[in-house]
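generate a structure from the sequence data that follows.
(chains A and B)
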Amino acid sequence: MTGRKVLMDFAVTPDSHTLAAYRARGGYEALARALKTMQPEDVTQEIVDSGIQGRGGAAFPAGRKWQGIDPHDGQPHYLIANADEGEPGTFKDRWVLEHDPHALLESMLLGSYALGVRHAFVYIRGEYDQPWRRLDAAVEEAYAEGLFGENILGSGFSCDLFVFRGAGAYVCGEASSLLGSIEGTRAWPRNRPPRMTVRGLYQAPTVVNNVETIASVAWIIRNGAQAFREIGTEKSPGTRLISISGHIRYPGVYEVELGYSWSKFLHEDCGGLLCNKALKAVIPGGISSQVMTGMDAKVLTPGEVEGMTLDHEVLRAAGSSLGSGGMIVIAEGTCMVRLLQIMLRFYRHESCGQCTPCREGTGWMHRIIDRIVAGEGRPEDIGTLYHIARFNDGTTICGLGDAAGYAAIAMLDNFRDEFDYYIEHGNSKFGGNLECR
Amino acid sequence: MPVIFINGEAVDTGEHGTVLQAALANGFYVPHFCWHPELSVVGNCRVCLVEQEGRGVGIACNMPVVDGMRIETDTETVRAQRKAMLQFILLNHPVDCGICDKAGECALQDYHYAYNGEPALSREPKQKGTKFYPLSSRILLDNERCILCSRCVRFTREVSKSNVLGIEYRGDSALVRPAEDRTLDDDPYSDNVIDICPVGALLSRSFLHQARVWYLEPTPSVCPRCARGCNVQLWHRKPEWRLKGLDPAQNTRILRVTPLENPRVNGPWICNRGRDLGEILERPRAQQALLKGAGVTMMEAIEATRALIAASTRKVALVSSWASNEELRAFRSALGDNFTSFVKADQLPEEGEVVEDEFLIRADKNPNTRGAQALFGSDVPEIPEDADLVLVWGEGVDFARLPRGAKIVLLGSWLLPEVGHADVFIPLSIQTERRGHYTNFEGVVSAFEPCQSRPEGVIDAETLFPLLAAPGAWGRG
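Below is the predicted model of the structure:
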């Protein structure tokens, strides 16, 4: 087992996602108690004390984000749950939406109470059909029982929830871009300053949290910040939902206590690699986090992955991150050149076209890698890829441009020989293989 | 006022909220494509990079001024990043400066020479885009040259408010396009997007391939087509570049009209009507003085007018609202006592044109109504039936409505049917042939300068009026 649980603490049955089942697990008790006994600031303080970090990718302390909003400043505020889970390899929020939608809804209510929010939103990606059906049904159930709307549970607190379906752009997962999508404008990321907690949706202070982050709020209020802190490590409290895919025997969504051994997770909980191959690399948190190498045949000591624990600090120290929790496992014998081609095609397709370096740079990198894969690579291509990646980093409004560059740099740094081989011979060292045979 | 340090020099930022504005206002040039003083900040070109001590490189256009901050505009990091940005911008740009109307006044060209100057790093084929996409009957769009700075899109949203333009698709396939079922013909200010385009993506059909801009020079002038009196620049060939091989009309023609920034009148914008001054200034000119339709010399026409003035008792003048303040004063001091004067409208709104809006266009289609009314009152022209001499100055008078017995003296510039019906006709010069001032409807006075020479046979109104009043002056002059 992968440690203690916060979200996956019940058995999934055909009706475990319903309101009745959620209530049977103690659902909405935290809400009732908070509305009766806690001030909005107390709820925020509880979240600050819990030390929970954002689960969407940047791992920013969620409590600090909430403290950016004064619930009594007389302005309208908005709370948005970001369910536009577009990062390749990431499908963890889907589990929450499908199996525990009421945990999200209760947490949204607690968050709305804490931040003085009258209208809250869930921005769900358009491709998520089943999750949307489940969420929509849950919202209807909650409205029918007076958990949303005017004067919730007789407390005088009112809140309405809107479920907004996206139209399938990766960039809408970027919080400020998502605001544009809701407002009905072109979903382009916005410049900071101003921060969204100063001027966000409809120019009002706005908090955008990842689904997993916000869904943990109900648990924290129910059990207390101290109980949450006891899970995980000191600096990374709590658990992470990890959606693991790739060359792994049991892919799926796992809840992992932060600080859990990575090697144990891969080889025991997930059943090890397909075809009993050796580990070549892991993309730990969606393709926008940096690739980590596994057991490298040329290095006798265990590679970076082995012996490492899963938490934000350790990965950050290693130059990567748990990102969005979308772990992709790559077995020995995979062609990294073709893998990078797929990644760069994605970034080119999803670049919104706003900032010059990302708009032009992602297309440029994709054309170069396409040419290399077609067997027409030139030795100077590697240098050009580095150049593009370097100047994409930090020069754009949002992180998409940076991430495309990171992907290229990580692959080139770690698997330079494969690229050199492909350029020199005009074909792949591993037969262009992406599957595990 | 916050004080910041740019390249080590203390700068009082005054009213400026961002580092870019403060830098530009204090003589530190920071290159920029997407930023425009009249439009919102989008920060998408990423060229206005500066380095803030302790914070690294950021875009100056969205960097709020903080007291005591230290900004460097020309460090090695900034130079390297700027260079890289220009490489990105030029990646899919066709670099067809040789056939581009913008060459010579193109920001991309200038910045390339100033901040990059290196051959392309890329060996990839360029992305193809649409050439000559018609945005309206006036404007063409070249998507290959477009750098997607979104200035034109923001202009139609924030300034002209027609909301015609938007951006379609994503990434390096993104295109500027009009909204569904709309064209820029809906926007009476559309041509401003040609001026604010930092590259040659938006092209004026009327100026397309007409001239290289370095052969042209602008003359400051005032648009006469409504009471706003927008300040404009009339572009024509430089005198040293007038070519014998060219048709003489080409050598002196006004090739394009652009706004001349004046915050008190029009800001940096003008309407499309103002760009079409040729419609009105290039009409056939009258160059021959006439007596009842028969050609005479200028002196004979002046003598005849003097005789009519002396012989008549009830004299009425219809004063032109297209006359400059100088001409109006000359008329009043020379002949004002002899005539009962009314200010008339020379031009009325035409069918299909925007009569008036909340931005620039005014319903009064004459440039100097206010200046004329200051001297001659604002009474509606009412010509008494017993008037025996009517002096008509300019256009817009129906002779059939004048008293039957009255003699008519017409002063005008254009070859209109009326010139043959007047008892005396004297041809006058036009705005582009003399200097003067107009007073706009808000009382702001703007000057215009000559850029064409007077054709033979015409006279300036300012010269004419003293001659009509003082016998003998003509012979001595």
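
show me what contacts the nearest residue to residue A:167 once chain neighbours are set aside?
Leaving aside its sequence neighbours, residue A:167 sits nearest to residue A:126 (CB to CB, 6 or more residues apart in numbering or on different chains; 5.2 Å). Just so you know, the C-beta spots here come from the backbone N, C-alpha and C atoms, and that holds for glycine as well. Residues in contact with residue A:126 (CB atoms under 8 Å, 6 or more residues apart in numbering or on different chains) are A:165, A:166, A:167, A:168.

wasn't residue A:365 part of a helix?
Yes. Membership of residue A:365 in a helix is supported by DSSP: H, G, I helix; E, B strand; the rest coil.

how many residues are close by it?
If you count neighbours by other CB atoms under 10 Å in any protein chain shown, residue A:365 ends up with 27.

in contact with it, which residues?
A:344, A:347, A:348, A:385, A:388, A:389, A:404, A:408.

next one: it from chain B, what distance?
10 Å (CB to the nearest CB, to the nearest Å).

of the contacts of residue A:365, closest to chain B?
Proximity of those to chain B, judged by CB to the nearest CB, is greatest for residue A:348, which lies at 5.8 Å.

how about the secondary structure of the closest one?
With three-state DSSP as the criterion, residue A:348 was assigned helix.

number of nearby residues for it?
Quick note: residue A:348 (other CB under 10 Å) scores 24 neighbours.

and the gap between it and residue A:286?
Separation of residue A:348 from residue A:286 (CB to CB, to the nearest Å) stands at 17 Å.

could you do residue B:416 as well?
For residue B:416, the distance to residue A:286 - CB to CB - is 75 Å.

of those two, which one has the most company?
Per other CB under 10 Å, whichever of residue B:416 and residue A:286 has more neighbours is residue A:286, with 25 against 15.

which SSE is that one in?
Using DSSP states H and E, residue A:286 sits in no helix or strand.

from chain B, how far off is it?
19 Å.

pLDDT weak spots in the chain?
Just so you know, I chose chain A. A:289-304 (pLDDT under 70).

can you look at chain B instead?
Within chain B, the stretches with pLDDT under 70 are B:471-477.

try 80
B:1, B:470-477 (pLDDT under 80).

identify the residue nearest the residue of it positioned farthest from its centre in space, chain neighbours excluded?
Here the centre of chain B is the reference, and by CA atoms, centre = their mean the most remote residue is residue B:54, at 45.7 Å. Nearest non-adjacent residue to residue B:54, counting by CB to CB, 6+ apart: residue B:70, 7.9 Å away.

who are the contact partners of the one you found?
Residue B:70 neighbours (CB under 8 Å, 6+ apart): B:4, B:5, B:52, B:53, B:54.

secondary structure of residue A:132: a helix, I assume?
Yes. Looking at residue A:132 with three-state DSSP, it is inside a helix.

pull the number of nearby residues for it.
When neighbours are counted by other CB under 10 Å, residue A:132 comes out with 20.

residue B:211 now?
17.

from residue B:254, how far out is it?
Residue B:211 is 11 Å from residue B:254, by CB to CB.

ok, and the most crowded of the contacts of residue A:365?
residue A:404 (30 neighbours).

hmm, residue A:359 and it touching each other?
No. Residue A:404 lies out of contact with residue A:359 (CB atoms under 8 Å); the separation is 10.9 Å.

list the residues that contact both of those two?
With CB under 8 Å, 6+ apart as the test, residue A:404 and residue A:359 both reach residue A:351.

by contact count, what packs against the longest helix along chain B?
With secondary structure taken from DSSP state H, chain B has its longest helix at helix B:76-91. Counting contacts by 3 or more CB pairs under 8 Å, 6 or more residues apart in numbering or on different chains; DSSP states H and E, helix B:76-91 packs against helix A:356-371, helix A:380-392, strand B:49-52, strand B:56-59, helix B:107-111.

for residue A:191, which of those is the nearest?
Shortest distance between residue A:191 and these, using CB to CB, is found for strand B:56-59: 7.7 Å.

buried residues in the closest one?
B:57, B:58, B:59 (16 or more other CB atoms under 10 Å in any protein chain shown).

go on, stretch A:108-123?
For stretch A:108-123, by 16+ other CB under 10 Å, it's A:108-117, A:119-123.

centre of the chain to that stretch, how far?
20 Å (CA atoms, centre = their mean, to the nearest Å).

between the two ends of it, what distance do you get?
Chord length of stretch A:108-123, first to last residue, is 12 Å (CA to CA, to the nearest Å).

ok, now stretch B:393-407?
Stretch B:393-407 end-to-end distance (CA to CA) = 14 Å.

what comes up buried for it?
B:393, B:394, B:395, B:396, B:397, B:402, B:403, B:406, B:407.

try stretch B:80-87
Residues of stretch B:80-87 classed as buried by neighbour count (16+ other CB under 10 Å): B:81, B:82, B:83, B:84, B:85, B:86, B:87.

and what of stretch B:266-277?
Across stretch B:266-277, burial judged by 16+ other CB under 10 Å covers B:266, B:267, B:268, B:269, B:270, B:271, B:272, B:273, B:274, B:275, B:277.

closest to residue B:430 among those residues?
Using CB to CB, the buried residues of stretch B:266-277 come closest to residue B:430 at residue B:277, 10.5 Å.

need the phi and psi values for the closest one.
phi -60, psi -30 (degrees, to the nearest 10).

skipping adjacent residues, who's closest to it in space?
residue B:257 (5.4 Å).

apart from its chain neighbours, what residue comes closest to residue A:213?
residue A:55 (4.5 Å).

looking at this, the one you found is in a helix?
No. Residue A:55 sits outside any helix when classified using three-state DSSP, being coil.

do I have it right that it meets residue A:212?
Yes. Using CB under 8 Å, residue A:55 is in contact with residue A:212, at 3.9 Å.

need the residues touching each of those two.
A:240, A:241, A:325.

make a markdown table out of those and add neighbour count.
Output for the shared contacts of residue A:55 and residue A:212, formatted as a markdown table (neighbours: other CB atoms under 10 Å in any protein chain shown):
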| residue | neighbour count |
| --- | --- |
| A:240 | 28 |
| A:241 | 26 |
| A:325 | 30 |
